[in-house]
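Chemist: 3D, please:
(one chain, ligands or ions: 1)
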Amino acid sequence: MHVYHDEDADLDLLANRQIAVIGYGNQGRAQALNLRDSGLQILVGNRADDYATRARDDGFKVASIEAAAAEADLLMILIPDEVAPELFARDIAPHLHDGKVVVFATGYNIAFGFIIPPQFVDVVLVAPRMIGAGVRDLYLAGRGFPSFIGVAQDYSGSARAVALALAKGIGSTRTGVVEVTFAQEAELDLFTEQCFGPAFGHVLTTSVNLLLEEGYPPDAVLLELYMSGEFAYTLGKIAELGLVEQSMLHSRTSQYGSMSRGIRFVIPELRTKMMEGLEEIRSGKFAQEWAAEQAAGTPTLQALREAAQTLPLIDLERELRQALGDVPAAARMEYRSQPAAPTDGPARSKGWLSRILDRIRRLPDRRETGARSQPAAGTISESQMEEVLRRFLTSAEQSAGLQAFAQERELTTHYLLRDSQLEFAMGFRHGEVTAKLGPPPSPADVTLETEMEVLDGMFTGRINAMRAFMSGGISFSGEAKLAISIQQIQDDLRQLYTDARNTVV
Ligand code: NDP
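Modeler: Numbering: from 1, shown residues only. Take a look at the predicted model:
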């Protein structure tokens, strides 16, 4: 394990070299200001708009991206990753020549081959593990923040030293810098976003849903789990002291309870799912899928964002924030004394609590988690479900809507109803639909697991499929994009299923 500090980096390497910061957003502004305060020559390259004006107001010379690329010796690419490949090819690559240095703040575009710089330049990585505002605030406070550095091309023989000097210029070697490859940086970043974060988010929403269903007051549930800020504070202590050491800050009851019960949550499937995610990342499958999604105008992202906005948790959080009058200081990682939060006393929180309890009682979404405590209207038995599915699948094979969906597509879906013996498969291949009870004839591309009540609710329109999916009422394995594509035929499936159901129930 090697961590680089100030004494490992030499700012003189950058003296008399023109540095262009391309993009004056979150990272661009923070890094440009820090580098200038470290005594370096900075030119900002940006389109002529508000960002350019801000850079000028901050006292920088501003040029077009092309002009900055032509003038500078070092080019720090600090624009969003999704626009960088096109911009690099159009405005930057034509101005590169021997000895220039291209600096990225993420390994993504190089690691997945979306940008291929010419061989006669150095290509380095300086990737802060800190948001832009933190990069600037910590620098001004005389403190640092960790960064990853890396070298993808060392044409000059001094690429690593240049990356370290830049890391020093932005203030990162004050804390410590670790060297990685571009691929490692990109893969670790995506793993955090796609595996660690969502797995953790699911633990949180499962806990909230379970406790609300068991009748605990929503304000107490949210405060207990995360909105008091105690959990954020504990995470800070984990970073500071270590996972085990910080547990000594908790009571002996807490220590005994969490250690003796923790073993229950060692679920091997979690590792398998994480490995699946990591393989998608490493193989470039995710990067290709995301590129295609962007080329299509991000329809899936929009659908996912809309579905996320409908989660009942959002309203609960909003109302609790309002009732508290302020976000607890610990949740913002601020421990200074804050001005007292405005409040209109107990009457306000009583009104808020009863409103929210009312809402919980009325929530149709409780069923969407697959909860069993509240049976759905018109609950269907297993034998009825079998007959409904038999009729539904027969009509699905003849459906013009489903056949149209099957054009230019090869997709096999497998539905498993985990609270029964029932399973069925639907295949969409070159305009043909095959739909049968039982397992699929060949391995499915997407397997959806749910319960009879959730499937019935989803196929009759009582339950929003996407929301049930996001709150864990449906779990799936296989390709996420393919699973989401089934949304396109949701209306057809709903109609066919409802017709079949009406003849049976
Ligand atoms: P921002 O979204 O803040 O970037 C905005 C800047 O990009 C503006 O200057 C904007 O200028 C410019 N820009 C946006 N679209 C275009 C376009 N089509 N053509 C030209 N310029 C464009 O980016 P971040 O600072 O968040 O990220 C920059 C890099 O830093 C990325 O590689 C990111 O992965 C990395 N990074 C980001 C971190 C973060 O905390 N945000 C942390 C660590 C790394 P205008 O719209 O005027 O053209």
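Chemist: Leaving out the residues flanking it, which one is nearest to R390?
Modeler: Distances taken as Cβ to Cβ, 6 or more residues apart in numbering place L437 nearest to R390, at 6.1 Å, with adjacent residues excluded. Yep, even glycine has a C-beta here, placed from its N, CA and C like the rest.
Chemist: Let me see the backbone angles for the one you found.
Modeler: Note on L437: backbone dihedrals following degrees, to the nearest 10 are phi -70, psi 150.
Chemist: now F182
Modeler: Backbone torsions of F182, given as degrees, to the nearest 10, read phi -60, psi -40.
Chemist: Verify the stated contact: it with I149.
Modeler: No - using Cβ atoms under 8 Å, F182 is not in contact with I149, being 10.6 Å away.
Chemist: which residues are in contact with both of those two?
Modeler: Counting by Cβ atoms under 8 Å, 6 or more residues apart in numbering, the contacts common to F182 and I149 are L125.
Chemist: Backbone dihedrals for I474, please?
Modeler: Dihedral angles of I474 (phi, psi; degrees, to the nearest 10) stand at phi -130, psi 130.
Chemist: Now do the contacts for the residue nearest to R390.
Modeler: By Cβ under 8 Å, 6+ apart, L437 lies in contact with 386, 389-390, 393, 422-424.
Chemist: D6: which of those is nearest?
Modeler: E423 (61.4 Å; Cβ to Cβ).
Chemist: what's the closest non-adjacent residue to E185?
Modeler: G107 (3.7 Å).
Chemist: The residue in the stretch 201-350 of the chain positioned nearest to the ligand - how many residues pack around it?
Modeler: Residue nearest to the ligand within the stretch 201-350 of the chain: Q294 (12.0 Å; Cβ to the nearest ligand atom). Neighbourhood size, Q294 [other Cβ atoms under 10 Å]: 12.
Chemist: so it, which of the three states?
Modeler: helix (DSSP: H, G, I helix; E, B strand; the rest coil).
Chemist: Distance-wise, check the residue nearest to E185 relative to T413.
Modeler: From G107 across to T413, the span is 35 Å (Cβ to Cβ, to the nearest Å).
Chemist: rewinding a little: identify the residue nearest the residue of the stretch 201-350 of the chain closest to the ligand in space, chain neighbours excluded?
Modeler: E82 (5.8 Å).
Chemist: hmm, back to that, just the pLDDT for the residue nearest to R390.
Modeler: With respect to pLDDT, L437 has a value of 96.
Chemist: Identify the residues contacting the closest residue to the ligand within the chain.
Modeler: When scored by Cβ to the nearest ligand atom, the chain has G25 as its residue closest to the ligand, at 2.1 Å. Contact analysis of G25 by Cβ under 8 Å, 6+ apart lists 51, 78-80, 132.
Chemist: Can you pull out the low-pLDDT segments for the protein?
Modeler: Judged against pLDDT under 70, the low-scoring parts of the chain cover residues 326-378, 467, 470-471.
Chemist: Around the ligand, pick out the residues from it.
Modeler: Taking Cβ under 6 Å from any ligand atom as the criterion, the neighbours of the ligand within the chain are 23-28, 46-47, 49, 51, 78-81, 83, 87, 105-106, 127-128, 131-132.
Chemist: residues in contact with the helix or strand that contains N34?
Modeler: Per DSSP states H and E, N34 falls inside helix 26-37. Residues from elsewhere that reach helix 26-37 (Cβ under 8 Å, 6+ apart): 19, 21-22, 24, 42, 44, 46, 51, 54-55, 58, 60, 76, 78-79, 105, 128, 131-133, 135-136, 139, 166, 169-171.
Chemist: Could you do stretch 140-150 as well?
Modeler: With Cβ under 8 Å, 6+ apart as the contact definition, stretch 140-150 has outside contacts at 4, 107, 124-130, 134-135, 138, 160, 163-164, 167, 170-182, 184-185.
Chemist: For the nearest residue to I474 once chain neighbours are set aside, grab the count of nearby residues.
Modeler: Spatial nearest neighbour of I474, chain neighbours left out: T450 (4.4 Å); criterion: Cβ to Cβ, 6+ apart. Counted with other Cβ under 10 Å, the neighbours of T450 add up to 25.
Chemist: For T450, give me its contacts.
Modeler: T450 sits in contact with 370, 415-418, 458, 468, 473-475, where contact means Cβ under 8 Å, 6+ apart.
Chemist: Helices along the stretch 301-450 of the chain, start to end?
Modeler: Counting by DSSP state H, counting those that start in this stretch, the stretch 301-450 of the chain has helices at residues 312-324, 345-362, 382-398, 400-406.
Chemist: ok, now the stretch 101-250 of the chain?
Modeler: With DSSP H, counting those that start in this stretch as the criterion, the stretch 101-250 of the chain has helices at 108-111, 132-140, 159-169, 182-191, 197-213, 218-222, 230-241, 243-247.
Chemist: I'd like the distance between the residue sitting nearest the centre point of the chain and R129.
Modeler: Residue closest to the mean C-alpha point of the chain, counted by Cα atoms, centre = their mean, is E193 at 4.2 Å. Distance of E193 to R129, given as Cβ to Cβ: 14 Å.
Chemist: Check Q27 too.
Modeler: Distance, Q27 to R129, by Cβ to Cβ: 12 Å.
Chemist: more crowded one of the two?
Modeler: Ranked by neighbour count (other Cβ under 10 Å), Q27 and R129 place Q27 first, with 25 against 16.
Chemist: residues near the residue lying closest to A161 once chain neighbours are set aside, how many?
Modeler: Nearest non-adjacent residue to A161, counting by Cβ to Cβ, 6+ apart: L13, 5.7 Å away. A total of 15 residues lie near L13 under the criterion other Cβ under 10 Å.
Chemist: dump the residue contacts of L13.
Modeler: 158, 161-162, 165.
Chemist: quick one: contacts for the closest residue to G427 other than its chain neighbours?
Modeler: Distances taken as Cβ to Cβ, 6+ apart put T434 closest to G427, at 4.1 Å, once the chain neighbours are dropped. Going by Cβ under 8 Å, 6+ apart, T434 touches 397, 425-427.
Chemist: buried subset of the contacts of T450?
Modeler: Neighbour counting over those (16 or more other Cβ atoms under 10 Å) leaves 370, 415-417, 458, 468, 473-475 as the buried ones.
Chemist: Any chance of CSV for those residues, columns distance to L316?
Modeler: Converted to CSV, the buried ones among the contacts of T450 look like this (distance: Cβ to Cβ, whole Å):
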residue, distance to L316
G370, 19
Y415, 31
L416, 31
L417, 30
M458, 23
A468, 18
G473, 18
I474, 22
S475, 23
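Chemist: Narrow those residues to those in strands?
Modeler: Of the buried ones among the contacts of T450, the ones assigned to strands by DSSP state E are 415-417, 475.
Chemist: just curious, which of those is nearest to I380?
Modeler: Out of those, the member with the shortest distance to I380 (by Cβ to Cβ) is L417, at 10.8 Å.
Chemist: so that closest one sits right up against V388, yeah?
Modeler: No - L417 is not in contact with V388 according to Cβ under 8 Å; the separation is 11.7 Å.
Chemist: quick one: the residue lying closest to A199 once chain neighbours are set aside and R501, what's the gap?
Modeler: Of all residues not flanking A199 in the chain, L270 sits nearest, at 6.5 Å (Cβ to Cβ, 6+ apart). Computed as Cβ to Cβ, the L270 to R501 distance reads 36 Å.
Chemist: now do V83
Modeler: Using Cβ to Cβ, V83 is found at 48 Å from R501.
Chemist: same check, this time on I314
Modeler: I314 sits 32 Å away from R501, going by Cβ to Cβ.
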